[in-house]
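S.K.: sequence? don't have it. structure:
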């Protein structure tokens, strides 16, 4: 009797269920992955477009910028310039994956292996996700935030809310905690807090306050009016310098009303939720790609999928991990799938059949044999930057033919700083790792001072990385947004490299 | 056990609200883009989905960005090295090459390029209407067309004999006969035979004969009381009149193209034709457009020639009307086609021609036209001079006299796009009144 799970490209739910069970068997019993329970949703291409435009989340507060993304994606898709992703996966518990109905059965199998086991394992185990995001609460929190913002729009007008979100989005990249662990948002806590706050507002409402001169400001704001003498103490409270601009403004802006602070908080929490994903693109996609590659081959070895479908899989897999050269028309930067998959496959190879070079470079795991543990350790404890710094092997650098180019503004030429040879391996590896350090290519702007006793000027400082200044074109526009949130003058100084 | 959830039937368009917000946000720019494309589109397809490009000004989302070209040094790592070795120097291209960050830059929305996307038909119409200052009501109201058809409307108990529904009538009759136990002919026949047999066998058995004869009489009596067909059984097919839009219409666009009609005048005329086309398009399955341009003589031309080519000569309006009459006779039988005409002119015609026009309209064209709209395109200075409806050049006065005689003849002077709509207002005002009654 044939053990084939399916033949042909059509799929139905029973087939999906059977294939999923086979994949699960490989994933849990062979690879020994540790995953959240899976929830798999079949969606149409229109729904995929919808999902695209809201960061891939099933729930999101409403804002015109998502409409803009939608309009662009729709135009690209309808013109045939761009295909849709095969899947979207959400870091939540249960882990939600979207499969497109147009996929063939082979593609559905690939996608299930990729998303439901690869990404899922990574979300559950990587330290960044464990520390900084809360998979249990995210959907509840998004539901809460959507409702809250809709309520605000009703109460204060859509334009007011939009203005705050616009400004918050402008500093979203500077709205995350990079070093400090953020408090976890929980829907229940949030609602309770809000309820209390509102009850307090209602109880302490006294129309007389409004009639006093100079108290037009919102009394219920976190930052009550202070005497000038208190300014020093307050300054200490601000805990400067502060890297998280949104957090600072949320807590300390003298002009925001409490609902506006709450909106800032929502944007900040969303930014923080996505921050680990931005730091682990290579690892996350590499992990998922490695897992789907292993699982699909295992299924083929067990005789559960046909030759036709393994070929279809290989075709699609190889286009996913293709890395065009820098001078190729298709070059679009380093493909995270390609780099991640190459590195992880190489870790497997080094564990099993190391060369002399490998033993020298990776004495701690070369020839150890059990590559599963090595990979799982890497998946759990690294992010892109540190992973590349630790695990990028000379062989991968040779295979990808990597080279580093230095570009100084003063020089009329680019200089090739390192290539894939003995002299260059370590330099190349460090260069590449630094490129994946978000803090080096997202501008580092911090709050360094707030003149509370005087004219309330807020001072920001941009820490230059290797002397690269901020682009003037957007600087003023962003500062305008910050001024709106702070209510008083804001200055930005450029600090030279420390 | 894993949950598979089929979401395919969930409502689509979750992003619609966001899209509307985006369009509201970029309204000014989108509108400008739509107006610009109006010029390039034909009268008949301007309301289709269309791709527009807008500058990113109002929808920009600024972020702090590094500017490597302004200073500092940085390093990139690239794949696919072929022959570089350490220390090689590569000349910089003159304009800053974007390297591998191309996608990041554009997805963050700070590329200076235009943002292009597709507007749906409804969105375009909204923008188009907005400019024309239409009252909201009109956007959805359609003019009633006074053509009727008969539609089946069930059964009635009264009607003309030729509309009897036999099946229903007989079914009722059968049911009634069963319920009232109407004796069957066969039963009576059988009794009669039995009676005959009885009489033949033993004529003295009177008791038996009497019983049988009484039974037969009772049955026959009952048959009379329960007739085969009773008036209560009869059903008639019922029909009701239902208005239907006549499915075909032709729209005549008449325009003076002599030298006095400049770009501005033609642009206004084009909008006017577009608007009329739009209203008609919504109502008719098939809509033809005929373009007739005229100077001192008239000819039928294609749309591009109509709007864009110039011709010199005098101005005799009546030639266009003659041409229209000719085309109607040749191609558009009035019984099958609804005829609409829209004429745009700057109001000049040869002396004496106006009265000829009036005659043509009154006697030949107006009786066959559903609607005739005339717009006179003036510049704003002229608008002030001719502020009163009464005053005007010869053609205007002549057309005013026609308008008095025909309800479906509209005249209007326009100098701005906003003036166009009131031309149609009477038409729809009439509708509104009827709808209420």
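M.R.: Nice, I can see it. Keep in mind that what you see is a predicted model, and the values were worked out from it rather than measured.
S.K.: From the recorded domain assignment, give the ranges for the chain.
M.R.: Just going to use chain A. What the record gives for chain A is the domain set A:13-126+A:280-316, A:327-436, A:443-495, from automatic domain parsing.
S.K.: that's the wrong chain, I wanted chain B
M.R.: Following automatic domain parsing, chain B resolves into domains at B:153-239, B:246-436.
S.K.: The shortest one: end-to-end distance?
M.R.: Domain B:153-239 has an end-to-end distance of 5 Å (criterion: Cα to Cα, to the nearest Å).
S.K.: mind checking pLDDT for residue 229?
M.R.: Reading this off chain A. At residue A:229, the model reports a pLDDT of 48.
S.K.: look at chain B instead
M.R.: For residue B:229, pLDDT reads 89.
S.K.: returning to what we had before: among the domains of chain A, which is the most enclosed?
M.R.: Greatest average neighbour count among the domains of chain A goes to domain A:13-126+A:280-316 (a mean of 20), per mean count of other Cβ atoms under 10 Å in any protein chain shown. For the C-beta atoms, the positions are set from N, CA and C on the backbone; glycine is no exception.
S.K.: can it be found next to chain B?
M.R.: Yes. If you take Cβ under 8 Å from any Cβ of the partner chain as the test, domain A:13-126+A:280-316 does meet chain B, through A:13, A:16-17, A:20, A:24, A:37-44, A:46-47, A:49-50, A:53-54, A:62-68, A:70-72, A:74-75, A:78, A:94, A:98, A:101, A:116.
S.K.: and the residue of chain B found nearest chain A, helix, strand or coil?
M.R.: Nearest residue of chain B to chain A (Cβ to the nearest Cβ) works out as residue B:80 at 2.1 Å. Using DSSP: H, G, I helix; E, B strand; the rest coil, the three-state assignment for residue B:80 comes out as coil.
S.K.: next one: phi and psi at the residue lying closest to residue B:155 once chain neighbours are set aside?
M.R.: Leaving out its chain neighbours, the residue that sits closest to residue B:155 by Cβ to Cβ, 6 or more residues apart in numbering or on different chains is residue B:235, at 4.6 Å. For residue B:235, the backbone dihedrals are phi -130, psi 140 (criterion: degrees, to the nearest 10).
S.K.: quick one: residue B:235 and residue B:157 touch, right?
M.R.: Yes. Counting by Cβ atoms under 8 Å, residue B:157 is a contact partner of residue B:235 at 6.7 Å.
S.K.: and the two? which has more neighbours close in?
M.R.: residue B:235 (22 against 11; other Cβ atoms under 10 Å in any protein chain shown).
S.K.: So what's the predicted local confidence for residue B:255?
M.R.: 85.
S.K.: rewinding a little: of the domains of chain B, flag the one that's most buried.
M.R.: Most buried of the domains of chain B by mean neighbour count (mean count of other Cβ under 10 Å) is domain B:246-436; its value is a mean of 18.
S.K.: quick one: that domain to chain centroid distance?
M.R.: Counting by Cα atoms, centre = their mean, to the nearest Å, domain B:246-436 is centred 20 Å from the centre of its parent chain.
S.K.: got it, and stretch A:239-249?
M.R.: 21 Å.
S.K.: Next, the buried residues of that stretch.
M.R.: Residues A:242, A:243, A:244, A:245, A:246, A:247, A:248, A:249 are the ones in stretch A:239-249 that count as buried (16 or more other Cβ atoms under 10 Å in any protein chain shown).
S.K.: Give me the mean pLDDT for it.
M.R.: 84.
S.K.: wait, does it contact chain B?
M.R.: No. Judged by Cβ under 8 Å from any Cβ, stretch A:239-249 and chain B are separated, with a smallest distance of 9.6 Å.
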